[in-house]
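Peer 1: predicted model follows, preceded by the sequence.
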Amino acid sequence: MLKLKLRNVTPPGGYRYVDPDTQYPFVAGFLSDLVDKVKAHRRGNKLSIPADLSERIEDWMCRSMPDGVCVSTDTNSSWRGSKRLVEDTINRTVGAFRHSRVVNEQTANERAEICIACSHNVRTPGCSSCRGVNRITKELAGGRWTKADSRLHSCERTGTLLRVMVHYGTTPIKANVDVRIPKPRNCWLPV
């Protein structure tokens, strides 16, 4: 997980979070206030409150921060920010689908409809077009597309590009699933 490097300095853009279940955006002047707001919101909506909510919020914020603002709790090394996240997403997508079978158009469209309604369909911060993501996505999709392509972003559970993922078999996806993130009820992924 990621955490802020300097705990006594307000991060760029302030303390913010989007609840993954309700998509409600929060902003606060302090991390503790942000956590309290999210807890109250989740209680009010009869949603569970994870024991590590504060760490999850901080990790979520850090994933869109500029280079050097956050550190990884695993290695205590500096997080390279949104540029690194875009690079990781592309690399996971390329690696997972390089040798996978292609599904038919109807299956890809059905998967895409499920994904656009999913709370784990999240935008990867950074400029996707200037980093060549659109070009790579087109190459990996091999000219295939769905009606929902403009609303498909990245899968938070697998860290891969949904515009590509919906077109391929599920075997290579299994290796990328973050099991700490619960599987949505209607998810087409096998894990």
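Peer 2: Perfect, thanks for sending it.
Peer 1: who are the contact partners of the residue nearest to the spatial centre of the chain?
Peer 2: Central residue of the chain (C-alpha atoms, centre = their mean): Glu156, 3.2 Å from the mean position. Applying C-beta atoms under 8 Å, 6 or more residues apart in numbering to Glu156 gives the contacts Pro20, His120, Asn121, Val122, Asp178, Ile181. C-beta: built from backbone N, CA, C; applies to glycine.
Peer 1: in PyMOL, select just the buried ones from those.
Peer 2: Per 16 or more other C-beta atoms under 10 Å, the buried members of the contacts of Glu156 correspond to this PyMOL selection:
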select buried, resi 20+120+121+122
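Peer 1: residues of stretch 56-69 that come out buried?
Peer 2: Applying 16+ other C-beta under 10 Å to stretch 56-69 flags Arg56, Ile57, Glu58, Asp59, Trp60, Met61, Cys62, Arg63, Ser64, Met65, Val69 as buried.
Peer 1: those in helices, which ones?
Peer 2: Arg56, Ile57, Glu58, Asp59, Trp60, Met61, Cys62 (DSSP state H).
Peer 1: what is the nearest of the residues you listed to Arg151?
Peer 2: Trp60 (20.8 Å; C-beta to C-beta).
Peer 1: excluding its backbone neighbours, what's nearest that closest one?
Peer 2: Tyr17 (5.8 Å; C-beta to C-beta, 6 or more residues apart in numbering).
Peer 1: can you report how many residues neighbour the one you found?
Peer 2: Close neighbours of Tyr17, defined as other C-beta atoms under 10 Å, add up to 22.
Peer 1: and it, which of the three is it?
Peer 2: Here Tyr17 takes the strand state, with states given by DSSP: H, G, I helix; E, B strand; the rest coil.
Peer 1: give me the beta-bridge partners of it?
Peer 2: Phe26 (DSSP bridges).
Peer 1: output the lowest mean pLDDT helix or strand found in this protein.
Peer 2: helix 81-97 (a mean of 56; mean pLDDT, DSSP states H and E).
Peer 1: and the end-to-end length of stretch 7-27?
Peer 2: End-to-end distance of stretch 7-27 (C-alpha to C-alpha, to the nearest Å): 17 Å.
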